[in-house]
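Enquirer: 3D, please:
(4 chains, ligands or ions: 6)
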Amino acid sequence: MDRIDLSVDLGPLSLKNPVMTASGTCGYGIEFKDYYDLNKLGAIVIKGLTLKPCSGNLNPRIAETTGGLLNSIGLENPGIESFIKNYIGVLRDFKIPVIVNISGHAVEDFARLADKLAPYSEISALEVNVSCPNLAGGGMAFGTDSELVYRVTKKVKENYPGSVIVKLSPNVTDIVEIARAAESAGADVLSLINTLLGMAIDVEKQKPVLGNIFGGLSGPAIKPVALRMVYQVAQQVEIPIIGMGGIMSGKDALEFILAGASAVAVGTANLVDPLAGQKVLREIHDYLIKHNIERIGELKGKAL
Amino acid sequence: MDRIDLSVDLGPLSLKNPVMTASGTCGYGIEFKDYYDLNKLGAIVIKGLTLKPCSGNLNPRIAETTGGLLNSIGLENPGIESFIKNYIGVLRDFKIPVIVNISGHAVEDFARLADKLAPYSEISALEVNVSCPNLAGGGMAFGTDSELVYRVTKKVKENYPGSVIVKLSPNVTDIVEIARAAESAGADVLSLINTLLGMAIDVEKQKPVLGNIFGGLSGPAIKPVALRMVYQVAQQVEIPIIGMGGIMSGKDALEFILAGASAVAVGTANLVDPLAGQKVLREIHDYLIKHNIERIGELKGKAL
Amino acid sequence: MKNFSDIIREVGVIMAIVKNSKQLGNGYYRLDLADSIIARKGIPGQFLHIKISSDNVYDPLLRRPFSIYDINRDKGIVTIVYRVVGRGTQILKEVDRGNHLDVLGPLGRGFSTDWKNKFLILIGGGMGLAPLYFLAKKLVTSNRVLVLAGGNSEEDLAFFNESYGLLDLNLLNATLDGSTGYKGNVIELFEEQLSYYNPDYIFGCGPRGMLKRLKEITEEHNLMGEISLEERMGCGYGVCLSCVCNTEKGNQRVCKEGPVFNINEVIFDGQD
Amino acid sequence: MKNFSDIIREVGVIMAIVKNSKQLGNGYYRLDLADSIIARKGIPGQFLHIKISSDNVYDPLLRRPFSIYDINRDKGIVTIVYRVVGRGTQILKEVDRGNHLDVLGPLGRGFSTDWKNKFLILIGGGMGLAPLYFLAKKLVTSNRVLVLAGGNSEEDLAFFNESYGLLDLNLLNATLDGSTGYKGNVIELFEEQLSYYNPDYIFGCGPRGMLKRLKEITEEHNLMGEISLEERMGCGYGVCLSCVCNTEKGNQRVCKEGPVFNINEVIFDGQD
Ligand SMILES: Cc1cc2nc3c(=O)[nH]c(=O)nc-3n(C[C@H](O)[C@H](O)[C@H](O)COP(=O)(O)OP(=O)(O)OC[C@H]3O[C@@H](n4cnc5c(N)ncnc54)[C@H](O)[C@@H]3O)c2cc1C
Ligand SMILES: Cc1cc2nc3c(=O)[nH]c(=O)nc-3n(C[C@H](O)[C@H](O)[C@H](O)COP(=O)(O)OP(=O)(O)OC[C@H]3O[C@@H](n4cnc5c(N)ncnc54)[C@H](O)[C@@H]3O)c2cc1C
Ligand SMILES: Cc1cc2nc3c(=O)[nH]c(=O)nc-3n(C[C@H](O)[C@H](O)[C@H](O)COP(=O)(O)O)c2cc1C
Ligand SMILES: Cc1cc2nc3c(=O)[nH]c(=O)nc-3n(C[C@H](O)[C@H](O)[C@H](O)COP(=O)(O)O)c2cc1C
Ligand code: FES
Ligand code: FES
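Expert: Numbers count the residues shown, from 1 in each chain, chains lettered A, B, ... in the order given. Ligands and ions are numbered 1, 2, ... in the order given. You can find the predicted model right below:
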């Protein structure tokens, strides 16, 4: 990609370009082999890991809505032990930063996950998913309480020597307050947003479509909300932001960067089109050429 | 509409059918004359009124997003005095309940609006819009604080002898807490949801599309979130709910009713198609016939 | 699908049949719609609000407004001319003859046309020439008409030069690149013409900046006239207040009180 | 638009040309796509994941999965047969010959076809007969094949009776209304047939309830075979875990480890 400088700094991480994959929408990166070389992207974020193996939620696990996707996969994953045994090796083949997304149901879960992943240099950073229910605390998601976000972030930082990205839930009254909590606990980077809590009802069966009743809404439908949150948070924190939520095109990605994001992640778009990440990257590149912009960094936060 | 009973009770109000218009998407009802007789619907909710005349926000005031609409009209309206002088007469011609939506920037504003509208029997109920910023309280919307929602509701109830509907903002961590606050302050009915806060950026101009930067997201994109909130609130409050957010078809309306709404309001769909309300009503009717259901009431909350 | 009974009773929302859809060159497209009601009722300056997505598909969500370019009342055909600028028009250009389009219209307040034996100047910039064509056609039967057509280049104006060329009027071009006619913008050309002519009334349509300048000039010269404005539209029929513009009477809806306004009334402030 | 270079390099995401799209009667539709890569690579039981909306339009958002009904390798044509059940298929049926469709495929694990001189029974319910057709076509060349076709009525089966009728196999119908063949469901017919025949291997495709019963019977009779499952799919290529089913090996992805599974492996629990 000739004279254009697409590289971005994500706190301690340096990416050769700003396009990442979003957790849960690219598996462990291996299925892309048939389509394109994921190493073209800036980084990949693999799917959410929990301490114990988890078989996920009942089917149906997805429902299509207008411009959106409801999912209640339920964090199906082999658990940390099996991950370390069976997948770390595969990840070694990537030439770009690999970020591992971790989830828990108690503050201690996050600490243990961080501790177990600490030895592996194959991993460039942890992304802490605080959107799951806090079982000890009555089931509200960690991410809706700034005090809990602070504690989870702090614990992970204490147990993990590398970079820590905190991924915020959008289902909150004041996203800035939560972002500040993560920052003050030492988060290196913020990811926003995770999915909006939603549901769909099957009018023929007269019951919820999803086996789990509620699901997370993603896709272009949520882009305006995601963009607003990135815009708000970018004005109030110093640490870099990975913007995501409905990015389908280079134009969408650029909106996030103009709103203050340093990098972007492509999620649902991967499901619709395995080539989405590459397409987003190419369209960003084309935009820079067209507008005579030499470094992507010049655009960061320009609409603020 | 033959043997099918479409009537619904909305607390103190009785509607001949569950389909209403949503505030701000049907003006004062008069523009529909050219298209169909609005008296076919269950009720109409006219656009938001404030104490003083308000000329609204800068253009552009709308932006289209995937399956959604961002608006920042900014409550343009002639103010309560001019409304009473020039519009109350027009509303007298409606044979269905006319609900007036009121907004304010201080608790006292709501009280005064309620007081001024109290004498007019042309109005069947007030809908209290708590989504505007509370200027005295630092600019966060009233609707994001259960204490403020309680106080606004209480004040309006004290000053208005008729039915009071409280319309909730979805931009909150816990919608049930806010709904309970309104209920305990004496709200007769709840409307949910108002718009989600969002934004869009023009990548050519490299600045926000809307003159006001942020806008409210409505339309089918937000339906999953709206439906989830109705579903959650319906399980926790006793008072009836008017469901809205992205209703485009009878099927959409039925999802809200199955989730626990007593009635539904059609908003953005009116902009896309002036016949939307009538279409939603007809499709509900057709569904009941097809499924051999005699009373719409049988469906209320069936998916809970 | 709309119920047939709705279509008959509620004129205004119409499933119009595409009679012809073609590229005119230089990014311009022409769409002929067969609908006797619109063809009977439409007047110059009014617009159609066209649904781009098919039934039950909500992306793109909103309708798109287009001015009436021409009407053949006998054949019951109404024509729009448009440029592909974004997603909606991109999709619109793919419609095929025989397809149905959900059209709301004719909407808004049009130009005044009851003029007799007057000298009228029509000033159009770019796509602003589209609604002025239908107006010119009405006016030429009993008035002397001068049309000033502004564009980037000769190519840009080719289609309009051809169509206006068939009407009994005078036509002058202004192009930014000077490839035909006056070199400069159409407002400069208008100012120049005002040293020769004194029109009874003027009509303008084009970008906001052009109309703003036009108003300054008409005020300077004490001229009267009408201009057609563009604003982003939600509904197109007056219920949402998306499309307001500032006027001497306060905010007015471009879709309802406009798009045509008295040039003296409009206040050009705020954003460009 | 996809870049042409992508299309060539990354097989799997393909802009296929619609060769033919037609209604077969009784709500069935047939779509022929010209694409030499899919036609060369596709095997029975695999599916195509078709994007319904056009470029940059995100409603409907997801692709729709359809089994390969047939392939003409020489002509480079792959065919699907489908029923209109919702919005996606409603839109799909409007595509015209010559249009391009964005197709991902062929995807998933297909049926085993390397059988010789065996007696094979294929049991299909409704649309389940679509993928079995391509399978039957492969199998009949060197095996004895019995097809049991279940549907609501004679009409429902008319298309498949005609197409399967041209192959060298035995075909029996089961209809719920008894309008042709056995009166009852196709599983009852299968059970009845098992009192005459002892197949070497069976293949099944149809609604979940039918496959669940089929598994019970094959277990009872100690039969081996394969079934093709349906689940809602997000991606279709294994990254999202939307489509899992429970098996002896734990959760498996219908789009990747399936849609065809060993019948002994699948565990039918939970929701129907
Ligand atoms: C009264 C009126 C008459 C018009 N007549 C014509 C005409 O005769 N020929 C023609 O080519 N164009 C005309 N326009 C402009 C035309 O409506 C836009 O070009 C069109 O809406 C662009 O749609 P899009 O989806 O391709 O663009 P996008 O940029 O993708 O549209 C996004 C949104 O912005 C709105 N929008 C974009 N540009 C404009 C604009 N210039 N004015 C208002 N809204 C806009 C769209 O309607 C849509 O809601 C007219 C506009 C108005 C208000
Ligand atoms: C592997 C596989 C092969 C299939 N082969 C065929 C075939 O050959 N012919 C045929 O007619 N149908 C087939 N189907 C079913 C077909 O995918 C659905 O009928 C179609 O997706 C419905 O789309 P819609 O938009 O019309 O329906 P809608 O109900 O509007 O779709 C809503 C959502 O539900 C999903 N969905 C709906 N029904 C099904 C279903 N039965 N299975 C999986 N997802 C569903 C859609 O994909 C979409 O995401 C197959 C499904 C799978 C999984
Ligand atoms: C199928 C699916 C699975 C997901 N799994 C995870 C996950 O395991 N951990 C996580 O933090 N986010 C997960 N997400 C959220 C995405 O990473 C992303 O934050 C969200 O979908 C918004 O981006 P998008 O609109 O581009 O998809 C998942 C999303 C989808 C659609
Ligand atoms: C153009 C527009 C103006 C609106 N004005 C108001 C208003 O004045 N008061 C109010 O309470 N809600 C207002 N709303 C919110 C709607 O009444 C409704 O709650 C929201 O749009 C969700 O419903 P929908 O998706 O069907 O539009 C407005 C919405 C739109 C689109
Ligand atoms: S576009 Fe809605 S009022 Fe003009
Ligand atoms: S559909 Fe995504 S893993 Fe199968």
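Enquirer: use CA for all of it now, contacts and neighbours both
Expert: Will do.
Enquirer: Which SSE is immediately downstream of the lowest-mean-pLDDT helix or strand in chain A?
Expert: Here the helix or strand of chain A ranked lowest by mean pLDDT, DSSP states H and E is helix A:88-91, holding a mean of 91. As assigned by DSSP states H and E, the chain's next helix or strand after helix A:88-91 is strand A:98-102.
Enquirer: That following strand near chain D anywhere?
Expert: No: Strand A:98-102 is not in contact with chain D by CA under 8 Å from any CA of the partner chain; minimum separation 14.5 Å.
Enquirer: what does that strand contact?
Expert: Identification of contacts with strand A:98-102 by CA atoms under 8 Å, 6 or more residues apart in numbering or on different chains yields A:23, A:43-50, A:91, A:110, A:113, A:122-129.
Enquirer: Name the helix or strand for the nearest residue in space to residue A:189 that is not next to it in sequence, please.
Expert: Using CA to CA, 6 or more residues apart in numbering or on different chains and skipping residues adjacent in sequence, the residue nearest residue A:189 is residue A:165, 4.6 Å away. Here residue A:165, judged by DSSP H and E, is contained in strand A:163-167.
Enquirer: in its sheet, what does that strand sit against?
Expert: The strands beside strand A:163-167 in its sheet (DSSP bridges) come out as strand A:125-129 (parallel), strand A:189-192 (parallel).
Enquirer: Quick one: mean pLDDT over the last one.
Expert: With pLDDT averaged residue by residue, strand A:189-192 scores 98.
Enquirer: Just list what the very next helix or strand once past it packs against, helices and strands only.
Expert: Going down the chain from strand A:189-192, the next helix or strand is strand A:196-199, by DSSP H and E. Judged by 3 or more CA pairs under 8 Å, 6 or more residues apart in numbering or on different chains; DSSP states H and E, strand A:196-199 is in contact with strand A:214-218, helix B:223-234.
Enquirer: which one of these lies closest to ligand 1?
Expert: Of all those, helix B:223-234 sits nearest to ligand 1, with 20.3 Å by CA to the nearest ligand atom.
Enquirer: Pretty sure residue A:136 is one of the things residue A:106 touches, is it not?
Expert: Yes: with contact defined as CA atoms under 8 Å, residue A:106 counts as touching residue A:136 (6.5 Å).
Enquirer: Spell out which parts of chain A neighbour ligand 2.
Expert: Contact residues, chain A versus ligand 2 (CA under 6 Å from any ligand atom): residue A:64.
Enquirer: do that again at 8 Å, thanks
Expert: Residues of chain A lying close to ligand 2 by CA under 8 Å from any ligand atom are A:62, A:63, A:64.
Enquirer: who's in contact with residue C:19?
Expert: Contacts here follow CA under 8 Å, 6+ apart; on that basis residue C:19 touches C:31, C:32, C:33, C:34, C:97, C:98.
Enquirer: same question, residue A:111
Expert: Residues near residue A:111 by CA under 8 Å, 6+ apart: A:152, A:155, A:156, A:158, A:159.
Enquirer: now with 7 Å?
Expert: A:155, A:156, A:159 (CA atoms under 7 Å, 6 or more residues apart in numbering or on different chains).
Enquirer: Compare those and tell me which has the most neighbours.
Expert: residue A:156 (31 neighbours; other CA atoms under 10 Å in any protein chain shown).
Enquirer: remind me which residues of chain C are low pLDDT?
Expert: Along chain C, the model assigns pLDDT under 70 to residues C:1-13, C:270-272.
Enquirer: What parts of the stretch 1-150 of chain A come near chain D?
Expert: Proximity of the stretch 1-150 of chain A to chain D is confined to A:24-27, A:31, A:35-36, A:60-62, A:66-68, A:73 under the rule CA under 7 Å from any CA of the partner chain.
Enquirer: what's the closest of the residues you listed to residue C:57?
Expert: The closest of those to residue C:57 turns out to be residue A:66 (CA to CA; 8.1 Å).
Enquirer: Please look at the closest one and residue B:219 and confirm they touch.
Expert: No: under the criterion of CA atoms under 7 Å, residue A:66 is not in contact with residue B:219, lying 9.2 Å apart.
Enquirer: what sits in contact with each of these two?
Expert: Common contacts of residue A:66 and residue B:219 (CA under 7 Å, 6+ apart): residue B:67.
Enquirer: Next up, the contacts around whichever residue of the stretch 1-150 of chain A sits closest to ligand 5.
Expert: Across the stretch 1-150 of chain A, no residue is closer to ligand 5 than residue A:66, which sits at 22.7 Å (CA to the nearest ligand atom). Neighbour list for residue A:66: A:221, B:67, B:220, B:221, C:58, D:59, D:60 [criterion: CA under 7 Å, 6+ apart].
Enquirer: Check the burial of the second one by counting its neighbours.
Expert: Per other CA under 10 Å, the neighbour tally for residue B:67 reads 29.
Enquirer: gap between residue C:92 and ligand 5?
Expert: 20 Å (CA to the nearest ligand atom, to the nearest Å).
Enquirer: What is the neighbour count of that residue?
Expert: By other CA under 10 Å, the residues close to residue C:92 number 20.
Enquirer: mind checking how far it is from residue D:18?
Expert: 21 Å (CA to CA, to the nearest Å).
Enquirer: Mind jotting down where the helices sit in chain A?
Expert: Under the criterion DSSP state H, helices of chain A are mapped to A:80-86, A:88-91, A:107-117, A:146-159, A:175-184, A:223-234, A:250-258, A:268-272, A:276-290.
Enquirer: Tabulate those (TSV), appending distance to ligand 1.
Expert: Shown next, in TSV, are these (distance: least, CA to the nearest ligand atom, whole Å):
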stretch	distance to ligand 1
helix A:80-86	45
helix A:88-91	41
helix A:107-117	44
helix A:146-159	37
helix A:175-184	28
helix A:223-234	14
helix A:250-258	12
helix A:268-272	20
helix A:276-290	17
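Enquirer: Lowest mean pLDDT across these, which one is that?
Expert: Among these, helix A:88-91 carries the lowest mean pLDDT (a mean of 91).
Enquirer: got a list of contacts for it?
Expert: Counting by CA under 7 Å, 6+ apart, residue A:122 sit against helix A:88-91.
Enquirer: Same question for that helix: list its buried residues.
Expert: Neighbour-count burial for helix A:88-91 flags A:88, A:91 (criterion: 16 or more other CA atoms under 10 Å in any protein chain shown).
Enquirer: With just CA atoms, put it into CSV.
Expert: The C-alpha coordinates for helix A:88-91 follow below in CSV (Å, rounded to 0.1, in the frame of the first residue of the first chain):
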residue,chain,number,x,y,z
ILE,A,88,-1.8,-21.1,21.3
GLY,A,89,0.3,-23.0,18.8
VAL,A,90,-1.9,-22.1,16.0
LEU,A,91,-1.8,-18.4,16.9
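Enquirer: circling back: and the contacts of residue C:19 as TSV, adding secondary structure, distance to chain A and neighbour count?
Expert: Converted to TSV, these look like this (DSSP: H, G, I helix; E, B strand; the rest coil; distance: CA to the nearest CA, whole Å; neighbours: other CA atoms under 10 Å in any protein chain shown):
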residue	secondary structure	distance to chain A	neighbour count
C:31	strand	29	23
C:32	strand	31	22
C:33	strand	29	27
C:34	strand	31	23
C:97	coil	28	15
C:98	coil	28	14
